[in-house]
Structure formats: C-alpha cells, structure tokens
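In: just need the structure, nothing else, for what follows:
(2 chains)
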Amino acid sequence: MSSSAKGIYGDVSSSRSKSRKAHFSAPSSIRRKIMSASLSKELREQHKFSARPKFLPVRLTVTICLSRSTTLKARSIPVRKDDEVMVVRGSFKGREGKVVQVYRKKWVIHIDRVTREKVNGASVPIGIHPSNVVVTKVKLDTDRKAILERKGAAKNAMQEFFAAMERRKEELEKKRQKLAELRRAREERRAVLESQTAQQQASPSPNGSGGGNKDRKAIDDLVAMVLGERQGSPSPGAVSSDRGSDTGSERALSRPASMLETNIVSPTTEPKASFSVLTTSSRVTELSEAHADIIDIPPEVFIHYSKEVQTVEGSFDTPQLSEEEIRRQIMEEVEINERQKQAQLEDEKKQNETAQNEDTRDFVDSSSKIVERALHETYDFMKDYTIGAEVTSEDTSSKRIKFVCDFWDEKWSKNRSVTDVDWSPKYPELLVSSYNKNPMAVNEPDGIACVWNLHMPERPEFVFHSQSDVLAVKFSDFHPNYIIGGTYSGQIVLWDTRAKSLPVLKTPLSAGGHTHPVYSLQMIGTQNAHNLISASTDGFVCSWQLDMLAQPQDFIELVHPSHSKTDEVSVTCSGFPDNETTSFWVGTEEGNVYQANRYDRAGSKAGINQYDTYKGHAGAITGLNFHPLSGPVDFSDLYLTSSVDWTVKLWRAKSISKNSTHPTTILPLYSFEQADDHVYDVKWSPTHPALFGAVDGNGKFDLWNLNTDTEEPYVSTVVGSGKALNKLAWDHDGKKTAIGSSDGKVYVYELGDVASPKTEDWHLLQKNISEMIANQENPNK
Amino acid sequence: MAITQQSDVDETLKRLAGRKGVEGVVILNSDGLAIRSTIEAELTKKYASHVHQLVSHSKDAISGIDSENELTFLRVRTKKHELMIAPDKEYLMIVVQNFHEN
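Out: The predicted structure follows:
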C-alpha cells in the first residue's frame, strides 16, 4: 500500500458509496495495485527478505518476534503478463498457466489455456480476478525484483517496529517493578521508623537517654538486619525470594500493629501516651503494662499483608520449613513438571508419527519412482573404453522384432484383461492401458487405467479408477496430462495425472450422454479447437468438449431404416480419415461399415449415409483404422478393418463429395485371411505406408507389408502365453508397438528395420493398390 | 489403514532393494536419523551421518549459486558404488547401487 497514513485511494473513508465509487473508478495505475495476487508458499519462502547489515544489531530481538509471525517476506505482488499463476478458486481451480493479459479495465486477468470455445469454434479467454489465483512463478525483471525486495523490507520494518514496541514494553515493565520496589522500601522504612518509636515507647528501661541510646542502637541493628536481609536475599528462584520477603515484611509489619494497639489502648489509662508518637525523648514507665502480649493481629493488617506480597497459599501454613525441605519440595515440583512435559512430548511424537506415515508413504512412493527410472538406465556413462573388455557375441540373428518388456502389476493387473492401449503423444516412454473388472476383488474399482513407463516396467506410474469397466482409453492429444476413458456404463471419464486416481471430470449417466458401452473414442481438431467424439453401441455419437463433460456439445443418433428388426446401428468402432473432422466411418456389430456425417452438408444430412454400405465382413467388426497421412502419396482413403470372421479387410472409402443417390454396396479391396481366430485389432504403421499390424485370439501378432506379400504376414510372432490379444497401438515413431493381452499384460515390441520405410515404398504401394482396384473391377482377369 | 500404509512402504523398499545391482536402501528423516534401512546398522549409521552432511552442503551450494534453484537429485559415482540420493523437505532416500553387476 502506498503509505500507512493514506490508503491506496488517498484519504480513507468508510462510506460504502464512496468506497465503491473509488474502487470502480480507480485509474489504471491504482488498479495495478488492486489487481495483486498472492504469491505461492514456495515463492514467499524464496523472496524472503535478507536482513541488511544495518538491522544486524537488533536481530536478536527480531528473532523473538519471528516466532509470533513468521513472515518476513512479500506475500503478494501486482500481477503482470508472463507471470505464471495457478487458479485456486472457482470452476477453473487447479489450472495453471501463464498470464496472457492483465485486463485492468475489466478487473480480470487472462490465463493461458483457461478458455472456452465459442459456437463457431474460436476460443475466448475466460477472465479471472487476480484474487483467485496464486502466483507460482514471477516474471523477474529488475523492477519486479525491486518490488519484492521493497515489500520484504517493509515487512522487515514492520517487524522492527513490533520489536521496538516489545522492547519498550519490557522497559516499562522494568520501570514499574523498580517503582514498586521503591514504594515497598519506603513503606518498610516507615514501618521501621514507627516500630522504632513504638519500641522506644514500650522500652522497659526506666531512666535516662543513655539507655534509650543503647536501645536505639539495638533497633538500628535490627533495622539494618532486616534491610540487609531484604537486600541480601538473592533471588535466583521466585519461591525463595518470595519467602525472604515474607519473613522480612512480616517482622516489619507486625510491629506497627502492636504500636497501633498501644495507641488505642493507652488513652484510657494514660492520656499522655497519645503524644508519645510525637515525643521521642521521654517515656512513661506505666505504659509498659499497657503494651500487652495478648494482642491479636487486627484484620486490616492481614489485608495489608496479603496485598503486599503474593505467595502460595501453603506458605502461610508452613512458614517454618527448613531450607532442605523447601529444596526437596522444589525438586519434586520440578520433577513432576519434567515428567508431564515428557509425557506431552511423547504424545506429540505419537501424533506426529501417524501424520508422518502418510508423508513417508508419499515420499517413498515418489522418490522410489525416480530411483527406479534411474536404475533402469542400462548405459554406463562412466564406461572406460580404453580398458579392454571381454567380447560377448551379441545375438544379432534374423529376429526382426524384439521383445522389449511387458507391463504387469500383481495388484492391478491380476484377473483383468487389457481392453485398450494408447501411447502418450508428448512422452514417448509413457503409455496407458485400460482394464476391465477383476471378479476376484470386489473391493477394488471395476475399471482401472494404468500409465506405464518404459523405464520402469515393475509398476505403473499412475493408477486411475473408474466405477465401471474401462473399454477404451486415450491420452488427450492436446493436453499431455489428460487421459480419457470410455466405460461400460456409458460414462466418459477424464483423469488428470496431476490429480489423484479418481476422475477429475465425468459425463453424467443420463439421456444427456451415453447409456450404452463406449468402445470408441476419437480426438479431432486442433490445439485450440478440438473435440472428443465418442460412440456407444446404441448408435449414439456424441461430441464433447474436454473441460465441459456435463453435457455433450452435440450428438447424433445413427439409425438405418433398412434394418429388419431395429433401426439401431450398433457401433463397435469408428475412424476419421486424417484431416477430416466431420465425416467418419463406423464399424458395426453386424459386420457392415457405414459412413456418417456429423453435420448437415450439401447433399447429405447429418447422420448415417444410408446408401453406401461397405459389405464384406461376416461378423462384428472389432477394429477400423484409416491410413495415416504421412508421405508423398496420399492414401488417406484407405482403411483397414478387423473382424471376428477371422479376416482383416482393406477398403477404399468413397469420396464424400460424390454422393450416392441409390443404395450401393461397396466391396473390400482385399481380404487378408491368414488368421485362424478372431482378429481383434488392426492398425497401420504411422510411418511405413505399406505396413500394418494385426492381433488375434490365438495370441499372434502379425505384421503385414503390402509391398512384399499380401498372402502371408511379413512377420508373425506369438506374444506372451498365447492368450488372446485385444488391442494394438503403435508409438509415434512407428518403432514400437504395445499389445494389450487378455491375460492382463501389456507387451511392448521393438520393430527395428522392419518399420523404417524406404522412399520407393510409397510408389510401390501406389502400384499395388491400383492393381488391387483393377482386380476388384475385373475380378475375372 | 496405518498398517497397510506401513506395509506399502516396506514393500516398495523391499522391491527396490531386490532389484539387480541395488545393495541397499536407506531412508533418513530431516534430522539425519535413519528411519528405514535394508543394510546393517553399522553401515546405515555411517551412510546416515555422512550423506546427510553431503546433502546439506550440496543444498547450500546449489542455493548459493542461484537462490531460486533447488537440489532435486544427487548421483554420486565412486570407484565401488553409485549413490542415488533423492532429497525432499522431510526425508531423504539413499540407494546404493553396484553398477558393476549390470
């Protein structure tokens, strides 16, 4: 704030209307300050103010203050562009990003990726008030450094101020004590003086001033003794000093009491005595009789006494305790105190231990992951090649694909099957696999998804839970942290690797979304405008926005009126051609493939294209994959399907622009009939134009190269134990494949040379395809 | 709950210690006391005292070079072993690896 006397708006008023007016009409320069955001805890620690030398002499007192309020640092800073912030309130809570703009006029900041989509696909930033964010990374330039330092210094000055206050308070206290002591001393002196006179009054010596002098001397001695005892009594412990003052004042005070009594009693017998206080030289002997031992301590004295010295109650009852006894008592007290303190400490320890358990677990979990990854590094970077090593003959046989590792976790993979696998688009070593229910473990979630790291095959990097079997899983292409799952119940769940194992978002289980199993998930679009397209077996196709899964952005229901009993189209898989976002192909349970549109377009309605039927499979289609667009020749109209009829078929999609007006049946270009079981998945290699892989129920992984052979697979491998293989996924370089097996394992194979395309492969494939087309048109030739 | 957590930690350590080339795992708390260890007490003590010092020195060194920087992991290659040290605010994990076995 600008100064301590004035607020940021100038003179301070507490009027509501004035405050509001000042706030809303504040100029930009003041808005800058108002639009401050607090610093994250880590940053607060970092930008601690380091005490300058001029503060050094008083550092000790400052440290005392520190225990009260531990801040000695800037807590907030005016937000600026390029700061990195995290939203901590509101529906975007947890989002992190760079500040794109500080919109002072609107009182908001725009954060990178905190946006929403407009109907036309453009994205607009969502404004967030800076009080709802914490700064996680300050864009540091000299000015900002100065701000932080200055703020730290101000805080320090404040601490200084508090410290000074404290010190002054202490001084005052000391002064007050001194004053009290002085007062007490004065009182004592008076008491002694009075007792002196009383003694003189009561002294039995019958004659002369000489005797009186002697007496006075004795009294002086007594006074000296009393005073001496007071002053001489050291006060290391509060108890002993209290005791010392007890006895001193008791003795001193009991005397005025007796004197007072004398004065009251004496007038009845001897009027002269009333002047005795004033006359100090001559005493009357009769008065000695008036002074009696039987006098009780009058109540006022008692009150006076208890006011003067504060002692423990017991000290009145046992004033004559010997020093040793007192010491023993103190020791006992100390011992009891100590014991209590120890017990307390132990309690605290126990509490801490339980808290630490959680901490320890988290720590062990995270750090062991790091270590395991580091351990997996097989290359010894300290290797000394100058030292001769024994030559080991490397097995460089004709094995063209190499088993890398399998992913299996005793707890999570047992009794489950892998339903889908997908590689991370950002991190080439990560892949996610989804699993169905474990019938043996009722307490565990039905569906799970595990993220595995190639560098740590022993256990999953993350485990995500779902209430229903997960049938399809996918890394978001545009947010490396998001993982999307399609479930048996029809819910689409979104997990975040930064969050815990439960989904951060999920679609509702209602007519607004899917109510049938979702086997197919596709991401389409670009970084700024993308959608998730999901299809369920009742023919519903929904498109979703990832940050708003409460309801689909739009949906279409695929129906085909020519079906005999029900017009439902049961979608088992779907595929978009590369570069296409509105038109897609679906594989169905009855074996046909249809083309469908997401939107109305010239000549065709949204929904299924009823005229074109891709007929060829005799059983449910399990996989549909379009040729990836990655080379000099465009094959993006080619797609492959796998089916439970033991075949894989190659198709050529009809151009969308040429609409059919009457029912046509399109036959496959080619059929690969080498498998002797259900073929569960088929995928093109992302880099090699003629290469694709297929997995089947016999546990076989077949690699086909259309340029070498179309009758026999190029490479055929039995994977693992020979259990049925459910899914296949190529990594992004096309060098590795991950295969999900029904025994719960994910196998990773490296393909090596097989997967790297040669330049002539494109044209060779082009030639082969045109041959196939020719064959299809003239089957007799 | 606490028991399962405990066994979770132990299991992770056991697995880590059972890996090829790993000779031992020690976990220290912030005071440099070993709270878990898979190697004998005498050696654990030695590791605890020396590594704790090493880490605090390293931390100082790093923050001395750049006050915004922080030590996250430490690998120490020696003639016989490799020490992998994962420091944290509260704890510290030491893994002793014999890389010759690899």
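
In: for chain A, give me its nearest residue in chain B.
Out: B:A86 (3.7 Å; CB to the nearest CB). Every C-beta, even on glycine, is put in place using the N, C-alpha and C of the backbone.

In: list the strands paired with the helix or strand where A:I109 lies, with their directions.
Out: Here A:I109 sits within strand A:108-117, counting by DSSP states H and E. Sheet pairing for strand A:108-117, assigned by DSSP bridges, gives strand A:96-103 (antiparallel), strand A:123-128 (antiparallel).

In: what about the last one, average pLDDT?
Out: Right, strand A:123-128. In this model, strand A:123-128 carries a mean pLDDT of 90.

In: need the contact partners of it.
Out: A:87, A:90, A:92, A:100-101, A:103, A:106-111, A:114-118, A:528-529 (CB atoms under 8 Å, 6 or more residues apart in numbering or on different chains).

In: just the buried subset of those, please.
Out: Buried subset of those (neighbour count, 16 or more other CB atoms under 10 Å in any protein chain shown): A:87, A:92, A:100, A:107-111, A:114-115, A:117, A:529.

In: can you pick out the most distant pair from these?
Out: With CB to CB as the measure, no two of the buried ones among the contacts of strand A:123-128 lie farther apart than A:W107 and A:A529, at 27.6 Å.

In: how about the strands paired with strand A:108-117 in TSV, adding distance to A:A37?
Out: Output for these, formatted as TSV (distance: least, CB to CB, whole Å):
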stretch	distance to A:A37
strand A:96-103	9
strand A:123-128	10
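
In: which stretches in the chain count as helices?
Out: If you meant another chain, say so; for now it's chain A. For chain A, helices defined by DSSP state H occupy the ranges A:16-24, A:28-34, A:41-46, A:59-66, A:142-202, A:209-232, A:238-269, A:287-290, A:299-308, A:314-317, A:323-376, A:410-413, A:760-777.

In: not quite, I wanted chain B
Out: Using DSSP H, the helices of chain B run over B:2-18, B:41-65.

In: before we move on, the earlier item: run the chain-centre distance for the strand holding A:I109.
Out: 21 Å (CA atoms, centre = their mean, to the nearest Å).

In: which residues touch A:T581?
Out: The contact partners of A:T581, by CB under 8 Å, 6+ apart, come to A:524-525, A:531, A:598.

In: tally up the residues packed near residue 16, please.
Out: Looking at chain A here, since you left the chain open. Number of residues near A:R16 (other CB atoms under 10 Å in any protein chain shown) recorded here: 8.

In: ah, no, chain B please
Out: 22.

In: which pLDDT value goes with it?
Out: Listed pLDDT for B:L16 reads 82.

In: what's next to the worst-scoring helix or strand of chain B on mean pLDDT, contact-wise?
Out: Every helix and strand of chain B was ranked by mean pLDDT, DSSP states H and E. The lowest is helix B:2-18, at a mean of 72. Around helix B:2-18, the neighbours that count as contacts under CB under 8 Å, 6+ apart are A:354, A:357-358, A:360-361, A:364-365, A:368, A:371-372, A:458-459, B:22, B:24-25, B:27, B:36, B:38, B:95.

In: change it to 6 Å
Out: For helix B:2-18, the surrounding residues in contact (CB atoms under 6 Å, 6 or more residues apart in numbering or on different chains) are A:357, A:360-361, A:364, A:368, B:25, B:38.

In: for these, give me JSON lines that also has neighbour count.
Out: Formatted as JSON lines, the contacts of helix B:2-18 follow (neighbours: other CB atoms under 10 Å in any protein chain shown):
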{"residue": "A:N357", "neighbour count": "17"}
{"residue": "A:T360", "neighbour count": "21"}
{"residue": "A:R361", "neighbour count": "17"}
{"residue": "A:V364", "neighbour count": "25"}
{"residue": "A:S368", "neighbour count": "24"}
{"residue": "B:V25", "neighbour count": "25"}
{"residue": "B:T38", "neighbour count": "19"}
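
In: turn those residues into a markdown table, including distance to A:P561.
Out: Converted to a markdown table, these look like this (distance: CB to CB, whole Å):
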| residue | distance to A:P561 |
| --- | --- |
| A:N357 | 63 |
| A:T360 | 64 |
| A:R361 | 59 |
| A:V364 | 61 |
| A:S368 | 59 |
| B:V25 | 67 |
| B:T38 | 70 |
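
In: show me which of those is closest to A:F701.
Out: A:S368 (32.5 Å).

In: show the pLDDT at the closest one.
Out: Listed pLDDT for A:S368 reads 83.

In: any idea how far B:Y91 is from it?
Out: Per CB to CB, to the nearest Å, A:S368 is found 11 Å from B:Y91.

In: point me to the residue of the stretch 601-750 of chain A nearest chain B.
Out: With CB to the nearest CB as the measure, A:K745 is the residue of the stretch 601-750 of chain A nearest to chain B, at 18.2 Å.

In: quick one: that residue and A:E410 touch, right?
Out: No. Between A:K745 and A:E410 there is no contact, the gap being 11.8 Å when judged by CB atoms under 6 Å.

In: perfect, that will be all.
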